[in-house]
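Asks: Can you look at this prediction? I've put the sequence above it.
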Amino acid sequence: MLRLVALAAALVFAAPLVFLLQQAVTFGPPVLDALLDASALGPALRSLLLGTAVAVVTAVIGSGCAWLVTRTDLPLAPAWRLLLALPLVLPSYIGAFTLRAALSPGGLTDVVVGVSLPRVEGFAAALGVLSLLTYPYVYLLVAARLRQLPANLEEQARVLGSTPAAVVRRVVVPQVAPAVLAGALLVFLYVVSDFGAVQLLRYDTLTRAIFANLLDRPASTAYGLQLALLALVVVVGERAAAARVRRLGSGSSPRGTTGLVWSLGRLRTPAVALLGALAVGALLAPLTVLAYWAGRGIVLGEQRASSVLADPAQLLAPLAGSATAGVLAALAATVLVLPVAYLVARHRGRAPAVSNALVVSGFALPGLVIALACAFFALRGPAVAAWLYQSLPLLLLAYVVHFGAQSLRAAQVGIAAVPRSLGDAARTLGAGRLRRFLRVELPLAAPSLLAGAGLVLLSVLKELPATLLLAPPGFRTLATDVWAATEDAFWAEASVLALVLVALSAVLTWLLVLRRADALS
Amino acid sequence: MFALIVLLSVLLPACGGVLAGGRDAVTIYSGRGSSLIGPLLEEFSASTGIPIDVRYGGSAELALLIAQEGDRTPADVFYSQSPGAVGFLAGEGRLAPLDPGVLELVDQRFRDDGGLWVGVSGRQRVLVYNTELVSELPTSVFEVVEEPFAGRVAVAPSNGSFQDFITAMRVTHGDEVAARFLQALATTGAPSYANNNAIVEAVARGEVPMGLVNHYYLHRFLAEDPDLPAANHRFAGDDIGSLLIASSVSVLEGTDEPEGARRLVEYLLDAEAQQYFAEETFEYPLALGTSPVGDVPPLDTLEVPAFDIDRLGGGLERTLELIRDSGLDG
């Protein structure tokens, strides 16, 4: 039964893959030629290289941040918790554009600080910018897991005479490893599906190849298939690695208890300095550039930016659009992938492997492919589907297909961490499967589910290509408004709107995710 | 939780139906941004009483969407930033012939010979340069790959306008010349950027001295910051580097609002709308008898290459292939 429900849910996520295959069959031999063209392998290799490098860097940064915030006596920890999650709200094209404007020759660091850096582009720049923008994937998942960890294991280890370092190595690392791996996979998928940053920083990955050849459909279909293939290979690899780390242990704390808190001591200043540097690079630098452009435009009396300030009511439509789309999609994604997450976390075999791969593939493909696939199926499906075309439910479905992998990974980590013995105990007391799930696993995994919902929420707030193609007529979000302003080079207006987007993301993340996670853990 | 699922599954389709309403509106897929074009389209709706639904997006993305939607597309009108996207849809057989009366409002260089689209406003290809860094300027676009300019002129190979420019070069000078030009850009290390905006921003900052772009981006940048040390340079005479690229409007095959669509096309070409392009978007109005404003030279006096722009639409795939093969890092 569970298998059937999970497979049915996962089948929805197969839409983009089936669509790509259908396109390949339609265009036939030219797609095959493009696929077999040896020179076309360069973009795939670069996608793989960049995705892996960013995943490794963010695994280190994200885990370190999570540790500092949840397990040490870091000053102002609640503020850091929010600040460290926020870089995820910057759309990568805004992040890349502003970071380049901040750091490049003639930019802010050059003019204000007097440090002239080389042109920000290529592999190193893409690695840096994407790491700054995506480390929260690891951070949020690992922090959720750390909050869920039972303190008693660590206490016992300490009592038995282990050094603090040994406790971390033998107790904490094995418990946290699945979360790190899950976060790193999300980072990898984000990077290979991202277009904004690699396009602006000019690192020639598969997504750039797809977009540069958009109207040459055999070529772009071939690149799309390569991307899907790359994702599937990585997912299989991750599943194998996850099976190994999962054996190392699971454990979950009853409500109300928390893990050991470590005193930073002399390391307090360096720790704060490190987090500060991260916040400056990932958040303050882009926001300063935005504030500078906004301020400059307003001082010069730029009409559109000033009118936003004079009449904030005009922000209501995009604000409501963003909030509605983000919250509903986060909710829908969490609910829809829950059976898949349960299956993947608790069972082995073909059904979990296939559902897992299908859900994850949706995140590896660019939003544009997801949107075109949704259009394809909606207009060729039954009449009711066509009726839903370019309506809110279909847009939400596109978001779920695109970002469901994020809530899947978060939920799976949370459920896997609930010791099976608890469920077994409940079973001996006569609780059925659904009841066990609702009363035992769901409450204990709640912080992870919330983290997953938060990831989806933040992703939807900045989503652009699918929103543009599938939104109901007249439906606006802050992201589409920011895009519209940058399209016509209204920098001041774009900056004001982008700042509002960051503020909205911060408020929603705080209200719906962080505050509740506190209550739950 | 389950009550919530039930509630959502009931509520969402309901609001979907409401939001997807407006069946008798003219649906416009616009590759032009809402900041500049939105007010014009709203004015059309207000003055004619014809309701409109506008979907904004990239021209290529919207063209792909229309191709995917096929004859079930909600779109009645496609407003394209670039000839490439229109050519693609014409090739797919998705466009319906326009009213001859509308076509004649525009010089035949800026409309489709088959009557499938008509140019609305024009952007010229120019060289944007940093006035503090550059004293000597090339007279022909072919000089940008030669000394002393080689390696100092930025390009945006993945941008639709750059691709249109290369298609025009192929049509006027042949594929071989275009391929050599692209290879020379690659081997002399011409810095490439994501798009026109990125180039103008980098030139103004002084990161790169010059760049090949469309003329009107700089006007927007100067509107935000009049002190930017950047200016546009037009290549001499009928140099292909000063190509005029038209944004165009077309009506979709099988539209259920042919009358509203026709009136929209007419509206975009009437004097008032054309004046709007000249004043608000710093573009060339393409309807005969209107002139641009500011330091944008009038179309009649402007020496633009005698290039029939409707040939831009075809052969985009070949252009993309040449760009891929040149090794020019998009």
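Replies: Great, that's in hand. Source: prediction; values computed, not measured.

Asks: mind checking pLDDT for the most centrally placed residue in chain B?
Replies: The centre of chain B sits closest to residue B:81, judged by CA atoms, centre = their mean, with a distance of 2.7 Å. On pLDDT, residue B:81 comes in at 87.

Asks: my read is residue B:166 is in a helix, agree?
Replies: Yes - per DSSP: H, G, I helix; E, B strand; the rest coil, residue B:166 lies within a helix segment.

Asks: Could you find the closest non-adjacent residue to it?
Replies: Nearest residue to residue B:166 in three dimensions, chain neighbours excluded: residue B:319, at 5.0 Å (CB to CB, 6 or more residues apart in numbering or on different chains). (Glycine included, C-beta is placed from N, CA and C.)

Asks: Check which helix or strand that neighbour maps to.
Replies: Residue B:319 is part of helix B:316-326 when elements are defined by DSSP states H and E.

Asks: Over to residue A:48?
Replies: helix A:41-71.

Asks: Just the buried positions in the helix or strand following that helix, please.
Replies: Later in the chain than helix A:41-71, the nearest helix or strand by DSSP H and E is helix A:77-85. For helix A:77-85, a neighbour-count test (16 or more other CB atoms under 10 Å in any protein chain shown) marks A:80, A:81, A:82, A:83, A:84, A:85 as buried.

Asks: about what we covered before: does the residue nearest to the centre of chain B touch residue B:36 like I think?
Replies: No - assessed by CB atoms under 8 Å, residue B:81 is found out of contact with residue B:36, at 10.9 Å.

Asks: so how many other residues sit close to residue A:273?
Replies: 10 (other CB atoms under 10 Å in any protein chain shown).

Asks: I should have written residue A:399 there, sorry.
Replies: Neighbours around residue A:399, by other CB under 10 Å: 27.

Asks: Now do the residue of the stretch 351-500 of chain A found nearest chain B, the pLDDT please.
Replies: For the stretch 351-500 of chain A, the residue closest to chain B is residue A:391, as judged by CB to the nearest CB, at 3.1 Å. According to the prediction, residue A:391 has pLDDT 91.

Asks: Can you give me the buried ones in the helix holding residue B:319?
Replies: B:316, B:317, B:319, B:320, B:321, B:322, B:323, B:324, B:326.

Asks: and it, what does it pack onto?
Replies: helix A:206-212, helix B:83-91, helix B:160-173, helix B:175-187 (3 or more CB pairs under 8 Å, 6 or more residues apart in numbering or on different chains; DSSP states H and E).

Asks: and the angle for the second one with helix B:316-326?
Replies: Note on geometry: by axes from the mean of the first three to the mean of the last three CA atoms, to 10 degrees, helix B:83-91 and helix B:316-326 are set 130 degrees apart in direction.

Asks: After helix B:83-91, which helix or strand is next?
Replies: Following helix B:83-91 toward the C-terminus (DSSP H and E): strand B:95-96.

Asks: Could you look up the SS state of residue B:54?
Replies: Residue B:54 - assigned by three-state DSSP - is strand.

Asks: Show me what it bridges to in the sheet.
Replies: residue B:28 (DSSP bridges).

Asks: what's near enough to touch it?
Replies: Counting by CB atoms under 8 Å, 6 or more residues apart in numbering or on different chains, residue B:54 makes contact with A:473, A:474, B:27, B:28, B:30, B:34, B:38, B:41.

Asks: Which ones among those map onto strands?
Replies: Judged by DSSP state E, strands contain the following of those: B:27, B:28, B:30.

Asks: Next one: the closest residue to residue B:163 other than its chain neighbours from residue B:241, what distance?
Replies: Among residues not flanking residue B:163 along the chain, residue B:319 sits closest, at 5.3 Å (CB to CB, 6+ apart). Per CB to CB, to the nearest Å, residue B:319 is found 16 Å from residue B:241.

Asks: what's the answer for residue A:477, then?
Replies: Taking CB to CB, one finds residue A:477 at 39 Å from residue B:241.
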